[in-house]
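Student: Let's see this in three dimensions:
(chains A, B and C)
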Amino acid sequence: MTPVATTFFFYLLSGAALLGGVLVITRRNPVHSALSLIMTLLSIAGLYLMLYAPFVAGVQIILYVGGIMVLFLFVIMLINIEQASREERFSKQWPVGILAAAALGVLFVSVFFKGRSVLPTQLLVLPEEHNTQQIAVLLYSDYMLAFEIASLLLLVAMIGAVVMAKKRTTTP
Amino acid sequence: MTPITTLHYLVLAAALFVLGVIGVLTRRNVIIILMSIELILNAVNLNLVAFSRLYGLQGQVFSIFVIADAAAEAAVAFGILIAFFRNKETVNVDEIDLLKW
Amino acid sequence: MLDYITNYLGSQVTPGQAGNVFWITVYILVIFAGVSVAVIAMNWLERKIMAHMQVRLGPMRVGPHGLLQPIADALKLLLKEDLMPENADALTYRLAPLLIVIVAFTTFIVIPFGPTHAVTDMNIGLLFMLGVSSMSVLGIVMAGWSSNSHYPLIGALRSSAQMISYEVAMGMAVLTAVVMTSLHGMGPYGVGGANTSGTGTLSMIGIVDAQADQQVWFVFKFFPLGLIAFVIFAIAMIAETNRAPFDLPEAESELTAGFHTEYSGFRWSLFFLAEYAAMIAVSSVAVTLWLGGWLRPFPNIHGPQINLPGFWVQAAPQAGLVDLLFSFAPALTFLALAGLSFRAMVRMPRHPSFKVQTMGLGGFGAVLALVGLLLLVPPVRNRAQDIFWFVAKVSVSMYLYIWYRSTFPRYRFDQLMKVGWKILLPVSLGVLIATAVTGVTLGGWH
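Tutor: Reported below is the predicted structural model:
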């Protein structure tokens, strides 16, 4: 990729991600928020591709956009939230919230400016053709325990979600 | 045009994180709060993957685990939400106060 | 400028990997046009084949043997009134068909029509296809919800529940084929022994190359296992695209057309276009993963060497007699189709009002015959082999779709979900485990 194209795509994708983020937190209708979150997630998948991480981009699209957002939309559809669209959007303490977030932002900016010299300047060469294979080698050798625990976590989450969302047909 | 360095990605991730925090702290709808949490998790993932270009593939492996974790958390959160919605037909966080004194 | 265009022609990679924007655009336009023509042809073929299976004739009026019927349908759909229900969510209502069409066409980026005939060959090609096609569920949910009416909502819920259920079984079946790509041994039971590197690949071209290396289509690998995985994928792909016998969510007698009830005119035709394009995409995945992609049948049998000058423009290293015989297949197919249409022309009624139709049919036959003759010319013949075999296999799969629609009764929704979760998922898990165990056992533990 020529340098100009990289810059253009970075600003395009990051602009789309930020726009989506702003729309998520400001829309009145939850379905519109969900659609904006989808736009953000897809832009972030594009950014992963620019960072030479194709496997993470693919996982993001399958799991986040194709799985978690479908779950969000299902729940929004199943819960009747007509009256929620007519209520107040922001809570009464919104100035405090914005203040706290601004303080966090200032913290981040100061960390970036102080720590800019610590970052190594040499970018690693990550060949795109073997990305999946290398991640697989890492997952199954160094991070095997985390992998197994993640599968256990997903099993527990599935059971928990099914148990909690089931209708109680008998007396409690 | 300056070339895009890792710092650009970190600043973007920080901006998304701050947007997510604003969403969690100021919105009243539970579903939008959950979406802001997903935004926060994505900002963290972007940070991890940006750093993995400097330090090795461990960042990408970690971000895969974060995505799996986000899926589990979303499922459990919606289970709780649906269970609560059966009792009291609201998704307004301010009205979910059955345990309040 | 001109060498930017011609520089690519000698390379051995796809245009996406070479970064050549001109050829990427050309390939995308060709694929777009090809898929649109294929959707139009599918429309006609579906009506004619279902009609003939039901011992009736199907559309015969609009063109000779109804060949112009799809054009009439398209005109009708374009001229219909564009409705939107009252209180429908305008943004979501308009966005849903766009999302589904974009998703259906984006999956064609990684489909390989030949060793270098794909728009690009990503390292995660298969993952990309599965992920992007799982986004079509979002479009269906949006369409059903935004119509503000209960039939579309129930149809959308059912359709999306069905699609996400069968995606799991589909993913397991796909994983079985990916496990087989890591085996490196020749023939249906070969695993390559203890010295192989043992890494599979998710890239679509890599999977077909693995089948070429192992000299067996994956549907025959480890004999029952590949076949069972293929059958599971074939069933799951029909459920994914909401086609019969899994079309309860959009069947007219059940839910008055399900999630696209409130759409009319051009928006409905976008759903229809996306459905057929998704069928072609998912059949291409099945063909690439199990049926050998662009490889001809028996790709490793070459026959005795033939050294006729002028017959092999790109001299294959082992060009043999069997290669030569198989290379006439595209031309013979087109000439046979031309023969069929001339036979139909001869059998048209002799009434003067049929003169235009007869001439039209004759013209159609002449075009097919010209293409067939063009495919006999050696340079074209060698280059058209891969694309022809791929398209032929996908066409067989499309014919099977139409055959299933006119043969099988519809599944009730709870039966559908039971099949997806209780039958297909355990069987696909079992096949995956059995494939992995067979691969490791036959190859020696290492």
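
Student: Mind giving me the packing neighbours of whichever helix or strand A:Val70 is part of?
Tutor: Assessed by DSSP states H and E, A:Val70 sits inside helix A:69-78. Contacts defined by 3 or more Cβ pairs under 8 Å, 6 or more residues apart in numbering or on different chains; DSSP states H and E place helix A:69-78 against helix A:30-50, helix B:30-55, helix B:58-87, helix C:136-146, helix C:150-180. Quick note: C-beta positions are derived from backbone N, CA and C, even for glycine.

Student: just those: most buried one?
Tutor: helix C:136-146 (a mean of 27; mean count of other Cβ atoms under 10 Å in any protein chain shown).

Student: And the helix holding A:Val70, what's buried?
Tutor: By 16 or more other Cβ atoms under 10 Å in any protein chain shown, the buried positions in helix A:69-78 come out as A:Met69, A:Val70, A:Leu71, A:Phe72, A:Leu73, A:Phe74, A:Val75, A:Ile76, A:Met77.

Student: Distance from it to the middle of the chain?
Tutor: Centroid separation between helix A:69-78 and its chain, computed with Cα atoms, centre = their mean, to the nearest Å, is 16 Å.

Student: Residues in contact with it: which ones?
Tutor: Residues from elsewhere that reach helix A:69-78 (Cβ atoms under 8 Å, 6 or more residues apart in numbering or on different chains): A:30-31, A:34, A:37-38, A:41, B:31, B:34-35, B:74-75, B:78, B:81-82, C:134, C:137-138, C:141-142, C:144-145, C:153, C:156-157, C:160, C:164.

Student: can you give me the mean pLDDT across that helix?
Tutor: Average pLDDT, helix A:69-78: 88.

Student: okay, and the helix or strand of the chain with the least pLDDT?
Tutor: Defaulting to chain A. Least confident helix or strand, chain A: helix A:82-86 with a mean of 60, by mean pLDDT, DSSP states H and E.

Student: wrong one, chain C
Tutor: Lowest by mean pLDDT, DSSP H and E among the helices and strands of chain C is helix C:252-255, with a mean of 57.

Student: where's the residue positioned nearest the centre of chain A relative to C:Pro245, distance?
Tutor: Note on chain A: the residue nearest the mean C-alpha position is A:Leu41, at 6.0 Å, using Cα atoms, centre = their mean. For A:Leu41, the distance to C:Pro245 (Cβ to Cβ, to the nearest Å) stands at 34 Å.

Student: Check B:Glu38 and give its pLDDT.
Tutor: B:Glu38 is given a pLDDT of 95.

Student: cool, C:Tyr189 as well?
Tutor: We note a pLDDT of 78 for C:Tyr189 in this prediction.

Student: Can you report how many residues neighbour the nearest residue to C:Tyr166 once chain neighbours are set aside?
Tutor: Leaving aside its chain neighbours, C:Tyr166 sits nearest to C:Ala239 (3.9 Å; criterion: Cβ to Cβ, 6 or more residues apart in numbering or on different chains). By other Cβ atoms under 10 Å in any protein chain shown, the residues close to C:Ala239 number 23.

Student: residues contacting C:Ala239?
Tutor: C:Gln162, C:Met163, C:Ser165, C:Tyr166, C:Phe246, C:Leu416, C:Gly420.

Student: Am I right that the fifth one is in a strand?
Tutor: What that stands for is C:Phe246. No. Counting by DSSP: H, G, I helix; E, B strand; the rest coil, C:Phe246 falls outside a strand, being coil.

Student: how about the residues of chain C that lie near chain A?
Tutor: Proximity of chain C to chain A (Cβ under 8 Å from any Cβ of the partner chain) is limited to residues C:19, C:89, C:91-92, C:95, C:122-124, C:127-128, C:130-132, C:134-135, C:137-138, C:141-142, C:144-146, C:153, C:156-157, C:160, C:164, C:167, C:199, C:201-202.

Student: Go again with 6 Å.
Tutor: Chain C comes close to chain A at residues C:Asn123, C:Ile124, C:Leu127, C:Phe128, C:Gly131, C:Ser134, C:Met135, C:Val137, C:Val141, C:Trp145, C:Thr199, C:Leu202, as judged by Cβ under 6 Å from any Cβ of the partner chain.
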